[in-house]
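In: have a look at this prediction, sequence included:
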Amino acid sequence: MAAPSFSGTSWGCLILVLLLYWAHVCLGVPDPHVRARLMQEEASRRTGGRVLLTESEQKLSERLHKLKEQEIAGPQFPPMMHFFEAQPFIQRSPIFSLLQRMPKGAALHVHDFSLVSVDWLVKNVTYRPYCYICFTKDQSVRFLFSAQQPLPRPQCSTWTLLETLRAKVGNVTDLDNSLIGNLTLFTADPGAAYPSQDMVWKKFEQTFIVTLGLVTYAPVFKEYFYRGLQELYMDNVMYLELRALLPKTYELDGSMHDRFWSLRTYQEVSRQFVADHPDFLGTRIIFTVHRGLNDSQVKEAVKMAISMQKTYPEVMAGFDLVGREDSGRSLWYFREALSLPVDLGITLPYFFHAGETDLQGTEVDGNLLDALLFNTSRIGHGFALPHHPVAKELSRKMGVAIEICPISNQVLKLVSDLRNHPAAVLMSEGHPLVISSDDPAVFGATGLSYDFYEVFVGIGGMSSNLGTLKELAINSLRYSSLSPQQKEEALALWQKKWDKFVVENSQ
Ligand SMILES: [Zn+2]
């Protein structure tokens with residue numbers, strides 16, 4: 001009879017069980033050595049738990065530890081507050097200011113029209129000539145640039161030049177603030193304004209429709225993206241993978257550019273940005289369509305993604321479906337469309353949003369497993385992953401990183417106190433993770449530092465240290481869609497920036 005075989009993990013577990021048994025049987029008070037051994041075992045499994053820190057890194061880690069102790073003991077603990085209320089406290093936090101200076105690697109989950117602070121859209125873009133506005137019946141607005149008086153739209157008032165409107169109204173500041181209110185979710189009392197997920201999602205999707213009229217004007221489209229890269233760069237982010245709808249764009253005379261123009265423009269603007277900032281690595285695009293589309297529309301979109309990949313392989317990273325999972329169609333519904341590339345013998349990488357839900361056991365809840373079955377490269381959100389042991393195991397084995405976007409999950413009402421975010425479980429197990437910001441402009445955030453703050457201080461609590469941050473930053477490059485050689489170069493550049501950051505902040 002063959003002797004039973006044990007894998008490395010099984011041996012580890014066996015030793016732990018024997019240690020526990022011995023501690024329990026032999027002593028009334030558990031052996032402190034056994035206790036220490038078990039605590040060490042837990043610590044080593046966490047994200048960053050096996051990262052060896054240099055002497056300077058240890059110093060910085062201790063500094064962060066002390067700052068975090070003070071922050072937790074303070075009267076206001078930002079991670080337990082709604083981000084809109086927490087933001088001023090976070091801005092005053094010395095940990096936040098360190099995180100802003102920290103080289104964070106890549107932003108891997110950000111959407112195209114929530115890249116740039118909305119202040120710029122209102123205070124700069126809407127002040128340009130030929131900017132028209134109309135008011136909808138549901139208290140919203142639409143924008144359009146046009147050389148002539150635009151044709152009326154259903155459910156919207158007559159188009160008025162903003163220039164004329166501003167000259168008429170007494171208080172321009174009030175008007176601008178109300179426009180800002182149409183472009184973000186920010187409000188002083190989010191609990192009252194958004195009592196349910198349905199309410200917050202309604203306003204969320206509405207903000208994108210309002211934004212669209214401004215950012216699909218071709219000259220603004222280019223500038224918007226350059227500014228978006230600038231905001232990331234200022235926050236010490238060195239590379240972007242953008243989820244992009246690649247909409248048609250328009251000129252002042254009403255002529256249109258197709259989706260390929262948008263893709264090409266992203267490539268050109270990104271190249272220009274890299275030329276101006278050589279320590280920025282560039283952008284790759286994940287083409288996205290709304291999950292409210294039907295099967296044949298998604299089939300067309302997949303075909304278009306294949307064609308874009310063929311024409312622009314350098315910038316085109318893959319495909320994803322966006323929009324609220326709970327009310328949209330499931331990945332399984334689109335199974336024929338999504339299997340098209342394999343049927344054609346083509347590899348089209350997927351980067352699916354999946355598990356951004358708390359509807360356990362529903363069809364939507366199946367998206368996580370289906371994303372993995374469709375060989376997704378990463379998973380957007382994966383909020384429901386801890387409820388799916390098989391999907392969790394598969395994602396770890398396949399090296400599919402979860403893109404954690406804590407502020408987004410909180411604002412869209414999946415969790416209120418961020419200490420209870422399910423990523424705490426994934427972090428404690430060292431699951432492959434990256435941190436991103438999803439729709440920073442709509443949430444009133446910028447860059448990645450706010451989300452890193454919530455992860456480091458709230459989700460990780462006192463268990464996370466500089467090793468955690470280091471691993472998360474490295475992960476963002478490791479799990480990117482860059483080629484192995486590009487990853488190596490990116491990691492070498494990041495390491496230089498990191499070493500400088502550690503030296504400058506460990507004293
Ligand atoms: Zn997203």
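Out: Perfect, thanks for sending it. Numbers count the residues shown, from 1 in each chain.
In: per-domain residue ranges of the chain.
Out: 79-117+215-505, 119-203 (automatic domain parsing).
In: how about those, which one is nearest Ile209?
Out: Nearest to Ile209 among the domains of the chain is domain 119-203; the distance by CB to CB comes to 7.6 Å. All C-beta spots, glycine's among them, are computed from the backbone N, C-alpha and C.
In: confirm for me that Phe113 is in contact with Thr211.
Out: Yes: assessed by CB atoms under 8 Å, Phe113 is found in contact with Thr211 at 4.9 Å.
In: what is the burial count for Glu393?
Out: Counted by other CB atoms under 10 Å, the residues lying close to Glu393 total 11.
In: is it in a helix, a strand, or coil?
Out: Following DSSP: H, G, I helix; E, B strand; the rest coil, Glu393 is assigned to helix.
In: can you redo the domains of the chain as a markdown table with distance to Arg46 and mean pLDDT?
Out: Below are those laid out as a markdown table (distance: least, CB to CB, whole Å; pLDDT from 0 to 100):
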| stretch | distance to Arg46 | mean pLDDT |
| --- | --- | --- |
| domain 79-117+215-505 | 6 | 97 |
| domain 119-203 | 31 | 96 |
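In: nearest residue to Tyr312 other than its sequence neighbours?
Out: Nearest residue to Tyr312, sequence neighbours excluded (CB to CB, 6 or more residues apart in numbering): Leu263, at 5.8 Å.
In: now, of the domains of the chain, which is deepest in the fold?
Out: Neighbour counts (mean count of other CB atoms under 10 Å) averaged over each of the domains of the chain peak at domain 79-117+215-505, with a mean of 20.
In: wait, the residue nearest to Tyr312 touches Glu314, no?
Out: No: using CB under 8 Å, Leu263 makes no contact with Glu314, being 10.8 Å away.
In: which helix in the chain has the most residues?
Out: Ranked by residue count under DSSP state H, the longest helix found in the chain is helix 484-505.
In: check what contacts that one and list those residues.
Out: Defining contact as CB atoms under 8 Å, 6 or more residues apart in numbering, one finds that helix 484-505 is touched by 54, 56-57, 60, 63, 98, 101-103, 105-106, 236, 238-239, 279, 281, 470, 473-474, 477-478, 480, 482.
In: from the residues you listed, which land in helices?
Out: Per DSSP H, the subset of those in helices is Ser56, Glu57, Leu60, Arg63, Leu98, Arg101, Lys470, Ala473, Ile474, Leu477, Arg478.
In: measure the residue nearest to the third one when sequence neighbours are not counted to Ser464 for me?
Out: In this case it means Leu60. Nearest residue to Leu60, sequence neighbours excluded (CB to CB, 6+ apart): Ser506, at 4.1 Å. Look at Ser506 and Ser464: by CB to CB, to the nearest Å, they are 18 Å apart.
In: repeat for Leu369
Out: 29 Å.
In: before we move on, what about Pro386?
Out: For Pro386, the distance to Ser464 - CB to CB - is 17 Å.
In: just Arg335 next, same as before
Out: 38 Å.
In: go on, Ala445?
Out: From Ala445 to Ser464 the distance is 20 Å (CB to CB).
In: one more: Thr249?
Out: 42 Å.
In: again, but for Ile286
Out: 28 Å.
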